[in-house]
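Asks: After the sequence you'll find the predicted model.
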Amino acid sequence: MLAVQPFPRLMGVEVIEATKTLVRGRLHVRPELCTASHIMHGGAIMAFADTLGATGAFLNLPEGALTTTIESKTNFISPVPEGTAVLAESTPIHIGRRSSVWQTRITREDGKLVALVTQTQMVLT
């Protein structure tokens, strides 16, 4: 799926595992993804989570359908310093005919929680 998405590739998103019930990813926190304070930008955190949740939604689509994010909510818990990496796991809360809801837990390499993201994906037929 990342092959057809230029923005996640530009960010450097790595999908480690992708199934219908779990998507795992990793992202190295480069200077281009940071604020002036050298911590990961909230928008980069959200885009990382969105990529993984959308990947999971895509894997659950009927043939010929597409998906788009229609809602996303993020709780930011702790900062991520430049030069480190974040890991994420996205799992479905609901998979239906017209939408799916995914929750992504993002952590630092030391296991500390960075953010919890819940997003709703619409099925486009």
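Replies: Looks like it came in fine. Remember, predicted model here, so these are calculated numbers, not experimental data.
Asks: Which stretches in this structure count as helices?
Replies: With DSSP state H applied, the chain shows helices at 6-11, 42-59, listed in chain order.
Asks: ranking those helices by burial, who's on top?
Replies: Of all the helices of the chain, helix 42-59 has the most neighbours on average by mean count of other Cβ atoms under 10 Å, namely a mean of 22. In this view, the C-beta of every residue, glycine as well, is placed from N, C-alpha and C.
Asks: Against which helices or strands is that one packed?
Replies: Packing partners of helix 42-59 (3 or more Cβ pairs under 8 Å, 6 or more residues apart in numbering; DSSP states H and E): helix 6-11, strand 14-18, strand 23-28, strand 66-76, strand 85-95, strand 99-108, strand 113-124.
Asks: Export the ones you listed as a markdown table, with columns for mean pLDDT.
Replies: Converted to a markdown table, those look like this (pLDDT from 0 to 100):
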| stretch | mean pLDDT |
| --- | --- |
| helix 6-11 | 95 |
| strand 14-18 | 97 |
| strand 23-28 | 98 |
| strand 66-76 | 98 |
| strand 85-95 | 98 |
| strand 99-108 | 98 |
| strand 113-124 | 98 |
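Asks: Figure out which of the ones you listed is closest to residue 42.
Replies: strand 66-76 (6.1 Å; Cβ to Cβ).
Asks: Name the residues of that closest one that are buried.
Replies: 67, 69, 72, 74 (16 or more other Cβ atoms under 10 Å).
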